[in-house]
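[1] Let me see the structure of the following:
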Amino acid sequence: MPNPTPRSRREPVELPLEHVEAANEAFRLHLKGWQLCEGTLALLRQRCPGHAPEDVLGKATVVNALYGTNVFAIIPAARHLSEVLSKADLDRCGIELVDEMAAVKLLKRRFVSFASKYAHFFIDGDRFPIYDSFAVKMVSLHLGLEGVVGDGAGYRGFCAGFNRLADRLGLTRDRRRLDRYLWMAGIGRELRRNEKGAGKQRGEGFFRHVRGSHVPTGRVGAQAGIAIVPEKRRHRGVESQA
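    The predicted structure is shown next:
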């Protein structure tokens, strides 16, 4: 019997650009609540562009509440963000900024998911992709590099994988489109794995016709499907913090 393929070297699942486009069209047509969330964050960025503690606390509180990042001591976390951001050159800094934002010494924890979302929505959405369990698993699926992209590699390793995947798709700007796909497809895979039954019990509409663009069934479609999930399932899950 041949040796099984190590998880870190498993064959990648192809991701056509059409799947990403279909996910974003489904987002536009069906997920009105999350469109409202993104619009609210964009408005906060416009009206509170500074990094004073008051500005940061407001933005951090909203991100934490909408995205369920489980930062319970939000005031010390916001103070830490304010200190880091006030000293940083935000036009030139790289992804190491998220690691610095995540290391809240007073709380003795690293909140990478929270920091990545703050940076994504309030600094630069293309430079700082969202890091959470769904995104990590889906990037790993499509690159076949779970051992490199997963938690052990941290945010730097995840960004390397995310950007590699975005480059393959030709997404040179507005890479939030890929983020939305990773989230929706990640929920779809989790529902199929964890819930019994079929069809509507697993979340309606894993595969939909969207303006004539069909997400195919079969191996690729089943593993990279788009989930139109019930309202109660639309949080971005239990997220990795380290």
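[2] looking at the protein, which helix or strand does the model trust least?
    Here the helix or strand of the chain ranked lowest by mean pLDDT, DSSP states H and E is strand 209-210, holding a mean of 33.
[3] which non-adjacent residue is nearest Arg79?
    The shortest distance from Arg79 to any non-neighbouring residue, by C-beta to C-beta, 6 or more residues apart in numbering, is to Pro53 (5.7 Å). Every residue, glycine included, has its C-beta placed from N, CA and C.
[4] what are the ranges of the helices in this structure?
    Secondary structure of the chain by DSSP state H: the helices cover 17-30, 32-47, 53-67, 74-87, 96-102, 112-122, 133-143, 146-149, 154-169, 176-194, 218-223.
[5] how about low-confidence regions in this structure?
    For the chain, the stretches with pLDDT under 70 are 1-9, 145-152, 195-242.
[6] OK, contacts around the most centrally placed residue in it?
    Taking C-alpha atoms, centre = their mean, the centroid of the chain lies closest to Ile130, which sits 3.8 Å from it. When contacts are counted by C-beta atoms under 8 Å, 6 or more residues apart in numbering, Ile130 is found next to Ser113, Ser116, Lys117, His120, Asp179, Trp183, Arg236.
[7] Give me whichever of the helices of the chain is most buried.
    helix 112-122 (a mean of 27; mean count of other C-beta atoms under 10 Å).
[8] would you put the C-alpha positions of that helix in CSV?
    Extracted C-alpha coordinates of helix 112-122, given in CSV (Å, rounded to 0.1, in the frame of the first residue of the first chain):
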residue,chain,number,x,y,z
VAL,A,112,-4.4,38.2,15.1
SER,A,113,-7.8,37.8,13.7
PHE,A,114,-9.0,41.0,15.4
ALA,A,115,-5.9,42.9,14.3
SER,A,116,-6.2,41.7,10.7
LYS,A,117,-9.8,42.8,10.5
TYR,A,118,-9.1,46.2,11.9
ALA,A,119,-6.2,46.7,9.5
HIS,A,120,-8.3,45.4,6.6
PHE,A,121,-11.2,47.8,7.1
PHE,A,122,-9.5,50.8,8.5
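[9] other SSEs contacting it?
    helix 32-47, helix 53-67, helix 74-87, helix 96-102, helix 154-169 (3 or more C-beta pairs under 8 Å, 6 or more residues apart in numbering; DSSP states H and E).
[10] what about these, which gets the closest to Ile187?
    Evaluated over those, closeness to Ile187 peaks at helix 32-47, with 11.7 Å, by C-beta to C-beta.
[11] how about the nearest residue to Glu11, chain neighbours excluded?
    For Glu11, ignoring the flanking residues on the chain, the nearest one in space by C-beta to C-beta, 6+ apart is Gly144 at 5.6 Å.
[12] That neighbour against Pro12, yeah?
    Yes. Under the criterion of C-beta atoms under 8 Å, Gly144 lies in contact with Pro12, with a separation of 3.5 Å.
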